[in-house]
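Fold the following for me, if possible:
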Amino acid sequence: MADNQQLWGYPEIAAHLGIRVGAARSRKSRGSLPAPDDESMPNRSRWKPSTFQIWKPVGRGFRSDLHGSSRQGDTPSD
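Okay, the predicted model is just below:
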């Protein structure tokens, strides 16, 4: 990896996601973050900013698994 390439640590990831640094670490340990681009130093995982441009956070947005799309009685009545 090129030395001049910017990498994000937990503070940058937390700021990008709008969460605390501890929450970012917790998400990584649960597997809720993309795989780090650099793990050459123990406990200092780092990511390329571009990794987060294509990544979709787990658990954000509409929970389609909680709502059936074709259940009877779900259509509004006139």
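
Looks to me like R44 is in a helix.
No - per DSSP: H, G, I helix; E, B strand; the rest coil, R44 lies outside any helix segment and is coil.

what about the nearest residue to it once chain neighbours are set aside, neighbour count?
Leaving aside its chain neighbours, R44 sits nearest to G9 (6.6 Å; criterion: C-beta to C-beta, 6 or more residues apart in numbering). (Glycine included, C-beta is placed from N, CA and C.) For G9, the neighbour count with other C-beta atoms under 10 Å is 15.

same check, this time on A24
A24, neighbours per other C-beta under 10 Å, totals 23.

I'd say it and P34 touch.
No - assessed by C-beta atoms under 8 Å, A24 is found out of contact with P34, at 12.0 Å.

List the contacts of stretch 13-29.
Contacts to stretch 13-29, defined as C-beta atoms under 8 Å, 6 or more residues apart in numbering, come from residues W8, Y10, P11, L33, P36, S45, W47, F52, P57.

Can you tell me which of those residues are buried?
Using 16 or more other C-beta atoms under 10 Å as the burial test, those include W8, Y10, L33, P36, S45, W47, F52 as buried.

Which members of those residues occur in helices, if any?
Using DSSP state H, the subset of the buried ones among the contacts of stretch 13-29 located in helices is Y10, F52.

how close does I54 get to M41?
24 Å (C-beta to C-beta, to the nearest Å).

so what's S45 closest to, chain neighbours aside?
P36 (3.8 Å).

The one you found: what's it in contact with?
Contacts were defined as C-beta under 8 Å, 6+ apart; by that measure P36 touches K28, S45, R46, W47.

got it, and E12?
For E12, the contacting residues are P49, by C-beta under 8 Å, 6+ apart.

Rank the helices and strands of this protein by mean pLDDT and give me the bottom one.
helix 49-54 (a mean of 88; mean pLDDT, DSSP states H and E).
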